[in-house]
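Let me see the structure of the following:
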Amino acid sequence: MAILNFREIERPTKNPKKGLESKDLDAFEKFAEEFFCQIMRAELITRMRRGPDNLLDLKIKLNNKIALVSCKHLAHTDTAISPEIECNALEAISANSCDLFIGFYSTAPSSGLISQFEGYKQNPKLSFDYEIYKNTDIESILLSLDNALGWVFTARYFPESYANLFRRFVVPIEHYKISDLQKTGKDSWQLTGPFGGIHGGKIDKNKVIRDANDSLTNAAHASFFNEAIREAINRFPRYFSYESNADTTALKLKDITPEWDQELLYDREADCNLPIIVCSIWSFWDQSKAADIYNNFQIKQSGATPSNNHPSYIVSGLLTIGSTAKFSNGYFRELFSRLVAFCPLSLDRYYGEDKRTFEHPRGGAIEWNFERSEGLEFISSALLSRRHQH
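Numbering: from 1, shown residues only. Okay, here's the model as predicted:
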């Protein structure tokens, strides 16, 4: 499903009374010009202009080729770009002395248009090459994680779509409905499937369904949490350990534990306030213990002697979502967003003493991974319940 709604870019329309076009004249062509010059780093040769355009919307130099850009904005009608709509490609590229034809479309090209362009390209008598930037291609380029400028550009041209990107980070799964609750006795109800079960007495049906869906949502997100934890461990490997006998190619969360006894140190190379960040990550396993360790670290840094004059709540209050965000850069904010959003209702850990650190002897983290099914066990039970129902 597309993320960006190209209808947010105004389509020029005629005013039947005044014969004038809309206030945002030629908006899609302006968008194309900025896209190629700012995002694609093309050199502008001839910009979009009013009046007769010699079959030209834009003329640019892109990747050492002189390209003609043909803009077609039909998102408001969801119309594919057909040969009838893009009918002058050969004439346009010749008339403007270009090496490349670029179709820049807010929808998609039809199969007929692609077949026509391929026919031109394969014809030895014609000098024709082409590229297509359809809506999904444009979206992928703009929202590339490695392109901060694209995100800023997106916020300007697609403000509503951009806002929706972050409005619902966690999407609840609505797997069960009231009709899935089956009466099995006078005061007995059964919900078949993962996190279902038998419910007796006077029940609140809406709450039963809501709780089951909430548990299913948490289970579905468990693998996302595991990936975030894996990223955190690889960033700070000396502060985490695993059971020595566990298979490092298929670890489970219960094989892993914070390395509580590892001394906290400020690290300039960590690009963050390491003690706060590490203790905040530890708090997903044991908030109280992480707070106490951070409290003792702060007391030691101040040179004070631990006493009743330094209760833990004074400094452990720094281990909050707000403080973690304050002491984080963009990378760690994104990481903590995933940890908070996808954290399971309970977190198992290794309680034994036979453990090893994730830190490699030569620095960095060892090679390791979670078991492929870790966090996804609910899927097998969901599939099994469906087979039983059918």
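
Doesn't Ile60 belong to a helix?
No: read with DSSP: H, G, I helix; E, B strand; the rest coil, Ile60 is strand and lies in no helix.

residue contacts, it?
Ile60 is in contact with 36-37, 42-45, 66-67, 69, counting by Cβ atoms under 8 Å, 6 or more residues apart in numbering. From N, CA and C alone the C-beta is placed, and that goes for glycine too.

next one: Gln38
If you count contacts by Cβ under 8 Å, 6+ apart, Gln38 has them with 149, 153.

so where do the strands sit in the stretch 151-300 of the chain?
181-185, 188-191, 197-200, 240-243, 256-258 (DSSP state E, counting those that start in this stretch).

Touching the longest strand seen in the chain from outside, list them.
Ranked by residue count and defined by DSSP state E, the top strand of the chain is strand 65-72. Applying Cβ under 8 Å, 6+ apart, the set of residues contacting strand 65-72 from outside is 28-29, 32, 36, 42, 45, 48, 55-61, 81, 85-86, 89, 92-93, 96-107, 129, 131.

Just the buried subset of those residues, written out for ChimeraX, thanks.
In ChimeraX syntax, the buried subset of these is picked out as below (16 or more other Cβ atoms under 10 Å):
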select :28,29,32,36,42,48,55,56,57,58,59,60,61,81,85,86,89,92,93,96,98,100,101,102,103,104,105,106,107,129,131
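
Helices along this protein, start to end?
For the chain, the helices defined by DSSP state H cover 27-34, 89-95, 111-122, 135-142, 148-157, 159-167, 205-235, 274-282, 287-302, 313-316, 321-326, 330-342, 377-389.

By neighbour count, which bits of the third one are buried? Give me those.
Within helix 111-122, the residues scored as buried using 16+ other Cβ under 10 Å are 113-114, 116-117, 120.

could I have that helix exported to CSV, CA atoms only?
The C-alpha trace of helix 111-122 is given here as CSV (Å, rounded to 0.1, in the frame of the first residue of the first chain):
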residue,chain,number,x,y,z
SER,A,111,1.6,-2.2,-20.0
GLY,A,112,0.8,-0.8,-23.5
LEU,A,113,3.1,2.2,-22.9
ILE,A,114,5.9,0.1,-21.6
SER,A,115,5.6,-2.2,-24.7
GLN,A,116,5.7,0.7,-27.0
PHE,A,117,8.8,2.2,-25.3
GLU,A,118,10.5,-1.2,-25.4
GLY,A,119,9.7,-1.4,-29.1
TYR,A,120,11.3,2.0,-29.7
LYS,A,121,14.3,1.0,-27.7
GLN,A,122,14.9,-2.2,-29.5
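
Show me what that helix is packed up against.
Applying 3 or more Cβ pairs under 8 Å, 6 or more residues apart in numbering; DSSP states H and E, we find helix 111-122 packed against helix 89-95, strand 130-133.
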